[in-house]
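[1] Take a look and give me a structure for this.
(one chain, ligands or ions: 1)
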Amino acid sequence: MKILDRRSPAFLPLARRTTLRLGGFPLAEIRLEYPADYDLLPPLLEREGFDVRILGGGSNLLADDGNLPFAVIRPLNGMGQSPEHVGPDLRACGEERVLIRAGAGLRMPALLAWCAARGLSGLEGLVGVPGRLGGAIAMNAGAYGCSLAPLLRELTVFSPAGGLLRIGKDGWTASYRHFALAGENDWFIAVEAVLSLAVKNPSEVRAHMAENLARKTSTQPVAAHTAGCVFRNPPKCSAGKLLDDAGMKGVGRGGMRFSDMHANFLVNEDGGSCAAALDLIAEAREKVARTSGVNLEMEIKVWS
Ligand SMILES: Cc1cc2nc3c(=O)[nH]c(=O)nc-3n(C[C@H](O)[C@H](O)[C@H](O)COP(=O)(O)OP(=O)(O)OC[C@H]3O[C@@H](n4cnc5c(N)ncnc54)[C@H](O)[C@@H]3O)c2cc1C
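    The predicted structure follows:
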C-alpha cells in the first residue's frame, strides 16, 4: 500500500486522473497494488478517519474543483498483468466457455486486447470504453448489447463491514449501469473478478470489436475530454435524443460544451470547471423536463 498526501511529489489533482480533466485535490491518495494491501486498509481508515471515494480509471467522474474533503482509494492490483486462465466454465450449457480471473486495476482496453488475441468473447461491446475492470464492474458498464455483470461468476470485494470477501452471484445485484452488494449500502471495492467468456475464433472476436469501434467512433466524441454519457437513458428512449430535442446539442459555457456529435457527452474544451459543468447539467435537465416531461437521471458520478 502506498499513501500519497498533498505534499508528495507524485500526488496529482483529480484533473490529471479523470478523462474529463476536472477535479481538485483529495486529502490523500491510497494506492492498493497487491491483494495483501487490502488487509492494511481498515487500520489506516480507522486511524485517519478519512471519508473515502474509490477511483478506477476516472472515466465516469465529474469531480469538484479545489481542495476536496475526502481521500481517494485507487485499487490498482492487476494493472499491467495478464488475466489468469482458471479453467473451463463447467456451468456453461450449449457452448464452450472458460473462466478467467483479473484484478480491478487492469485497464479495460488491455483486457479486451487480451480476449481478442485468444478468441474469448463476451466483452466486444465494451470496445472503446476506457477505465479499469473495477470501474466497469461498479458501473455495470455496457454497450451494443453487452454488459459486464452477466459475465461475472465470482467477485472478491472489500467492504468496511465485511473486510475482504469472495462472493458469488447471490452476493450482488446488477441492472442497467447499476451494481451493488446484496444487503449493503456502504461503499465497497471490487478487488478481483472471475469472468465467464465464450470460446470463439479470434478473427470473429476481432471483427466484432472492429465493427463496434467503428460504430462508436462515428457517433461519439471518443477523442475529446469527456466522462462518457452524462445521463442514463430513460426506459425505451435515448437521453441524447431528448437533449437534442431540447436544443442542448452544442450548448456550452465556461469551457464546457454538450458535444455537437452526441448531445449526451459533455466535453471539457479548455479550462472548464466542475461548477460550469454542473450549471450546464442543471440547464439540460430543466429544458428536457420542459420539452419532453422526462426527468433525466445522472449516469456520471459527481464527487462534490
Ligand atoms: C469516451 C468514453 C466512452 C464511454 N463509453 C461507455 C460505454 O459505451 N458504456 C459504458 O457503460 N460506459 C462508457 N463510458 C463511461 C466509463 O468509461 C465507464 O463507466 C467505465 O466502466 C468506468 O470505469 P472507471 O474505471 O473509469 O471508473 P471511475 O470513473 O473511476 O469510477 C466510476 C464509479 O465506479 C466506482 N469504482 C471505480 N472502481 C471501483 C472499484 N474497483 N470498486 C468499487 N467501485 C469502483 C467509482 O467510485 C465511481 O462511483 C465511456 C466513457 C468515455 C470517456
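
[2] Quickly note the distance from the residue in the stretch 201-304 of the chain that the ligand sits nearest to to I137.
    At 2.6 Å from the ligand, G228 is the closest residue in the stretch 201-304 of the chain, using CB to the nearest ligand atom. Where you see a C-beta, it was placed from the backbone N, CA and C, and this is true even at glycine. Applying CB to CB, to the nearest Å, the value for G228 to I137 is 16 Å.

[3] do L123 as well
    For L123, the distance to I137 - CB to CB - is 12 Å.

[4] so what sits against both of the two?
    L148 (CB atoms under 8 Å, 6 or more residues apart in numbering).

[5] so what does the longest strand along the chain touch, helix or strand wise?
    Longest strand in the chain by number of residues (criterion: DSSP state E): strand 189-199. Identification of packing neighbours for strand 189-199 by 3 or more CB pairs under 8 Å, 6 or more residues apart in numbering; DSSP states H and E yields strand 71-75, strand 97-103, strand 120-121, helix 133-138, strand 152-159.

[6] Out of the ones you listed, which is the most enclosed?
    Of these, the one with the most neighbours on average (mean count of other CB atoms under 10 Å) is helix 133-138, at a mean of 27.

[7] Distance from the chain centre to it, please.
    Chain-centre distance of helix 133-138: 5 Å, with CA atoms, centre = their mean, to the nearest Å.

[8] Residues of this structure that sit close to the ligand?
    19, 53-61, 75, 104, 129-132, 134-136, 138-139, 141-143, 188-190, 222, 226-228, 301 (CB under 6 Å from any ligand atom).

[9] switch the cut-off to 5 Å
    Within reach of the ligand by CB under 5 Å from any ligand atom, the chain has these residues: 19, 54-61, 75, 104, 129-132, 134-136, 138-139, 141, 143, 189-190, 222, 226, 228, 301.

[10] Please convert the buried members of those into ChimeraX selection syntax.
    The following ChimeraX line selects those of the residues of the chain next to the ligand that are buried, judged by 16 or more other CB atoms under 10 Å:
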select :19,54,55,56,57,58,59,60,61,75,104,129,130,131,132,134,135,136,138,139,141,143,189,190,222,226,228
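
[11] With just CA atoms, put the longest strand of the chain into CSV.
    Provided in CSV are the C-alpha atoms of strand 189-199 (Å, rounded to 0.1, in the frame of the first residue of the first chain):
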residue,chain,number,x,y,z
ILE,A,189,-14.2,-2.1,-3.5
ALA,A,190,-14.3,-4.6,-6.4
VAL,A,191,-10.9,-6.2,-5.9
GLU,A,192,-10.7,-9.2,-8.3
ALA,A,193,-13.2,-10.8,-10.6
VAL,A,194,-13.8,-14.2,-12.3
LEU,A,195,-15.5,-13.8,-15.7
SER,A,196,-17.0,-16.4,-17.9
LEU,A,197,-16.2,-15.9,-21.6
ALA,A,198,-17.2,-17.9,-24.7
VAL,A,199,-14.5,-19.6,-26.8
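
[12] Packing partners of the helix or strand following that strand?
    Using DSSP states H and E, the helix or strand that directly follows strand 189-199 along the chain is helix 202-219. Secondary-structure packing of helix 202-219 (3+ CB pairs under 8 Å, 6+ apart): helix 108-118, strand 120-121.

[13] Appreciated, that's everything.
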